[in-house]
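Asks: Following is a predicted model, sequence given first.
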Amino acid sequence: MEYIIDVQNLKKSYRKRRSKEYVHAVSEVSFKVNRGEILGLLGPNGAGKTTTIKMICGLLRPDSGSIMINGINNKEKRLKALRHISAVLEGNRNLYWRLTVKENLEYFAGNRGISRKDISEKVEEFLTMFKLKDKENELVNRLSRGMQQKLAIAVAMLADSEVILLDEPTLGLDVETGYEVREILKALVRDYNRTIIISSHDMDVIQDICERTVIINQGRIVTDDKVENLIKLFDVRAYSVTLGESLSKQQEKLLLQKFPDYEFKQDGHQCTLDIDLAKSEEIYDLFDILKMENTPVEAIDRKTINFEQIFMKIVKGEDQDAMAKSS
C-alpha cells in the first residue's frame, strides 16, 4: 500500500495562561493516509483533532514526531512538503471576499506561480464542474454559503496538490448543496486522483464518502479502521427484542446492572427492549433475566445502527475489547 501521508508519534503541548501547567493536546498520534482515499479525521471538541490538522498543514510545529507528505518531512523541508497539500479551513478563509469568483481562481493560481493564460482552461473546467459558471463575475461576499464552500474547494483544486484537507466542508449547508458537495468530493478522488482528509461533525457525510476513519479523543487515537468494519462490528450486537408483556421491577434492576444503556418502550400491550451486547454470549444473560418471569418473547431483530451512534460509543470508550480485536 502506498502512503501519501505518514504521521508518526506526534506530540503537542500548550502552556496554560498564567500557569506553569501544560495541556497535552496531542500525545503519540500516528496514522497513515493511503494515496487516492477519502479519510475521515474525527474527534469531539478538545480531542486534539484541530491541533493535528494544523500540524499536517504546517500551521503548527509539533513538539516531537514526524509528518511525511509524499515522502517529504514537513518539518525539515516545510515548503517543499506543503506543495503537495491544500487546505480548506472552516469559514472559507482561503477566499478573498472582495474579488469575484473567477478572480479568486485566477489570483490563487497566480500565487502558485501559474499564469492566467496557462490556467484559463482549468478555470473554465472548474466553473462548470462546481456549477459556478453563472456566478463567475459575482463578488464572493454576495454568494451563498454553499457556493462559497464550493469555490473554496475549487481554489484548493487549482493548486494541483495531491492532498486536500477539508475542515467541516458541509457545515451550515442546506441539504441539496450538502449532497452536491459530497458528489464533488467523490469525483475529485475518482476522476482527478486526489487524496482527501476530511474533518466533519456530520456523520452522514463520513458514512457516505469515507472508506476509513481515524478517531482522536483526549489527544490519542482510539480507533483507525474502515467505516464498513466499524458498522459491522457494532451492528451485530445491537438488538431490538419485542416482548409480550412488561418487565418486573426485579427484571429492570438486573437489566440496569448488566446492560446500563438499555432502552425499554411500551406501546399498549407491545413492549420493546433495545439493547447492545458487548459480547455475543451476553444474549444468554438477557434470556436468563427474561426467563425469571417467563416473559414472552415475540421477536428478536438486529437494530440498524448509524455511524453517529458508533462514533459516540467509541468516544465514550465502550466496547474496548471488541475495538482491540478489530484493530
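Replies: Received it, and whenever you're ready, just let me know what you need.

Asks: Would you mind listing where the stretch 101-250 of the chain has pLDDT under the threshold?
Replies: Within the stretch 101-250 of the chain, the set of residues satisfying pLDDT under 70 comprises 235-236.

Asks: Let's see that with 90 instead.
Replies: The stretch 101-250 of the chain contains residues with pLDDT under 90 at 108-122, 145, 156-161, 167-178, 200-205, 228-239.

Asks: In terms of residue numbering, what are the domains of the protein?
Replies: Partitioning the chain according to automatic domain parsing yields domains covering residues 3-84+161-226, 236-326.

Asks: Please produce JSON lines containing these, extended by distance to Glu121 and mean neighbour count.
Replies: (Glycine included, C-beta is placed from N, CA and C.) As requested, the domains of the chain are arranged in JSON lines below (distance: least, C-beta to C-beta, whole Å; neighbours: other C-beta atoms under 10 Å):
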{"stretch": "domain 3-84+161-226", "distance to Glu121": "15", "mean neighbour count": "18"}
{"stretch": "domain 236-326", "distance to Glu121": "39", "mean neighbour count": "14"}
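
Asks: and of those, who's closest to Ile119?
Replies: Minimum separation from Ile119 across these (C-beta to C-beta) falls at domain 3-84+161-226, 14.4 Å.

Asks: That closest one spans what distance, first to last residue?
Replies: Chord length of domain 3-84+161-226, first to last residue, is 16 Å (C-alpha to C-alpha, to the nearest Å).

Asks: can you check stretch 303-312 too?
Replies: Across its full length, stretch 303-312 reaches 16 Å between end residues, using C-alpha to C-alpha.

Asks: contacts for it?
Replies: By C-beta atoms under 8 Å, 6 or more residues apart in numbering, the surrounding residues in contact with stretch 303-312 are 42, 203-204, 206-207, 215, 227, 230-231, 234-235, 238-240, 274.

Asks: Among those residues, which one lies nearest to Val123?
Replies: Using C-beta to C-beta, Ile206 is the member of the contacts of stretch 303-312 that lies nearest Val123, at 30.7 Å.

Asks: coming back round to it: with distance to Lys122 as new columns, can the domains of the chain be given to me in CSV?
Replies: What follows is these, written out as CSV (distance: least, C-beta to C-beta, whole Å):
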stretch, distance to Lys122
domain 3-84+161-226, 11
domain 236-326, 35
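
Asks: of all the ones you listed, which lies closest to Lys117?
Replies: domain 3-84+161-226 (21.1 Å).

Asks: Relative to the whole chain's centre, how far out is that closest one?
Replies: 9 Å (C-alpha atoms, centre = their mean, to the nearest Å).

Asks: for the chain, what spans make up the helices?
Replies: Taking DSSP state H as the test, the helices found in the chain are 49-56, 78-82, 101-111, 116-129, 145-158, 175-192, 203-209, 227-235, 249-258, 282-291, 307-315, 320-326.

Asks: what's the closest of these to Val26?
Replies: Val26 sits nearest to helix 49-56 of all the helices of the chain, at 5.2 Å, using C-beta to C-beta.

Asks: Dump that closest one to PDB, keeping only the CA atoms.
Replies: Once non-C-alpha atoms are left out, helix 49-56 reads as follows in PDB (Å, rounded to 0.1, in the frame of the first residue of the first chain):
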ATOM      1  CA  LYS A  49      -8.100  16.900  16.100                       C
ATOM      2  CA  THR A  50      -7.800  20.500  15.200                       C
ATOM      3  CA  THR A  51      -4.200  20.600  16.500                       C
ATOM      4  CA  THR A  52      -3.400  17.600  14.400                       C
ATOM      5  CA  ILE A  53      -4.900  19.200  11.300                       C
ATOM      6  CA  LYS A  54      -2.900  22.400  11.900                       C
ATOM      7  CA  MET A  55       0.300  20.400  12.200                       C
ATOM      8  CA  ILE A  56      -0.300  18.500   9.000                       C
END
